[in-house]
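[1] When you get a sec, could you give me coordinates for this:
(one chain, ligands or ions: 2)
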Amino acid sequence: MSTLRIQGLRVEVAGQEVLTGFDLTMNSGEVHVIMGPNGSGKSTLAHAISGRPGYKVLEGSVTIDGTELLTLEPSERARLGLLLALQQPLEVPGVRPIDLLAAAGVARNGLADAMRGEAIRVELRPEVLDRFVNVDLSGGERKRAEMVQLGVLKPKFAILDEIDSGLDVDALGAVARRLSAATTEWGCGVLAITHFRRLLNEMTPTKIHVVSGGKVVATGGPELADVLERDGYEPFRSPRH
Ligand SMILES: Nc1ncnc2c1ncn2[C@@H]1O[C@H](COP(=O)(O)OP(=O)(O)OP(=O)(O)O)[C@@H](O)[C@H]1O
Ligand SMILES: [Mg+2]
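    Ligands and ions are numbered 1, 2, ... in the order given. As a prediction, this is how the structure comes out:
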């Protein structure tokens, strides 16, 4: 069993403090969901944890089983068992998905078959994986291709930023079921950022966290999604925003 711990994370972007003391702890096999208004810092959290340049960590820590990630090179963070699926997946011309996975340390033997199997699970035409990473893929195909990476890499923790955006309703169900299966297949801890409770229809969250003004302002069980759907974020808004 592993633990991902985000503690007192403060991050500055373009001269502005966007994360203002973010705390979240989760264990293997759990599904945690982050919801919150536009601009509240959700993607900034994903970018900062991925080590993207321009996201300056002022304070705080992000650890897996006590090992600090924020001082490691981005590739080392992946090797520790962290997978990040960004809101806007990046195109990598000249690199095919299979090469990316091999570079991440997956054995080439049987890899193409494994990718094909994962593609079918999320209803992605496997031929799409022969193209360069994310180049000429539709929005929904990019999101499904991220799930192929997840299925092959089997990370300890996956942080998924709006994995549901751009997915049609059938794909949404397939992706949610794949994520849910990952939590039991290898105990993947899933941290999903989303605006829509639809994603939760086939994936029961352990906890839902409401983010406002760059920090978690409320945490609850699955029922919190219904409260948000009914009342919106106004009751949770922090004074800063
Ligand atoms: N690279 C950047 N340069 C300048 N400002 C940025 C940058 N990245 C984020 N910001 C600002 O930081 C704030 C938080 O952005 P972020 O993308 O984290 O929001 P979010 O919660 O993911 O919103 P959404 O729900 O719309 O995806 C916003 O005001 C945004 O304009
Ligand atoms: Mg975002």
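[2] count of residues packed around residue 96?
    The local packing of residue 96 (other Cβ atoms under 10 Å) involves 15 other residues. All C-beta spots, glycine's among them, are computed from the backbone N, C-alpha and C.
[3] Can you pull the residues of the chain lying near ligand 1?
    13-14, 18, 36, 38-44, 54, 87 (Cβ under 6 Å from any ligand atom).
[4] cutoff 5 Å now
    13-14, 18, 38-44 (Cβ under 5 Å from any ligand atom).
[5] Kindly state the pLDDT recorded for the nearest residue to residue 162 once chain neighbours are set aside?
    Spatial nearest neighbour of residue 162, chain neighbours left out: residue 87 (4.7 Å); criterion: Cβ to Cβ, 6 or more residues apart in numbering. pLDDT for residue 87: 86.
[6] Spell out the secondary structure type for residue 87.
    coil (DSSP: H, G, I helix; E, B strand; the rest coil).
[7] Keep only those of the residues of the chain next to ligand 1 that are in strands.
    13, 18 (DSSP state E).
[8] Just name whatever secondary elements the helix or strand of the chain at the bottom of the mean pLDDT ranking is in contact with.
    Counting by mean pLDDT, DSSP states H and E, the chain has its least confident helix or strand at helix 74-79, which shows a mean of 87. For helix 74-79, the elements it packs on are helix 42-50, judged by 3 or more Cβ pairs under 8 Å, 6 or more residues apart in numbering; DSSP states H and E.
[9] ok, and what's touching whichever helix or strand comes after the helix it packs on?
    Following helix 42-50 in sequence order, the next helix or strand is strand 55-64 (DSSP states H and E). Contact partners of strand 55-64, identified using Cβ atoms under 8 Å, 6 or more residues apart in numbering, comprise 2-13, 17, 19, 21-22, 44, 47-49, 68-70, 80-82, 156-157.
[10] Give me the buried positions along strand 55-64.
    55, 57, 60, 62-64 (16 or more other Cβ atoms under 10 Å).
[11] how big is the angle separating it from helix 42-50?
    70 degrees (axes from the mean of the first three to the mean of the last three Cα atoms, to 10 degrees).
[12] which is the next helix or strand following strand 55-64?
    strand 67-68.
[13] How far away from the center of its chain is that next one?
    Chain-centre distance of strand 67-68: 19 Å, with Cα atoms, centre = their mean, to the nearest Å.
[14] Other residues contacting it?
    Under Cβ under 8 Å, 6+ apart, the answer for strand 67-68 is 61-62, 80.
[15] Equivalent analysis for stretch 158-172, please.
    Contacts of stretch 158-172 (Cβ under 8 Å, 6+ apart): 42-43, 45-46, 49, 82-87, 122-123, 138-140, 142-144, 146-147, 150, 175-176, 179, 182, 188-196, 198-199.
[16] Which stretches in the protein count as strands?
    Going by DSSP E, the chain shows strands at 3-13, 16-27, 31-35, 55-64, 67-68, 82-85, 157-161, 189-193, 207-212, 215-220.
[17] Can you report phi and psi for the closest residue to residue 74 other than its chain neighbours?
    Closest residue to residue 74 apart from its sequence neighbours, by Cβ to Cβ, 6+ apart: residue 51 at 4.0 Å. Main-chain torsions, residue 51, degrees, to the nearest 10: phi 80, psi 30.
[18] Number of residues surrounding residue 51?
    19.
[19] for this structure, what are the low-confidence residue spans?
    The chain contains residues with pLDDT under 70 at 238-241.
[20] from it, which residue is nearest to ligand 2?
    With Cβ to the ion, the shortest gap between the chain and ligand 2 falls at residue 43, namely 3.1 Å.
[21] Now for residue 34: which residues touch it?
    So residue 34 contacts 24, 42, 45, 191-194, 208-209, 211 (Cβ under 8 Å, 6+ apart).
[22] Could you list everything it pairs with in the sheet?
    residue 193, residue 209 (DSSP bridges).
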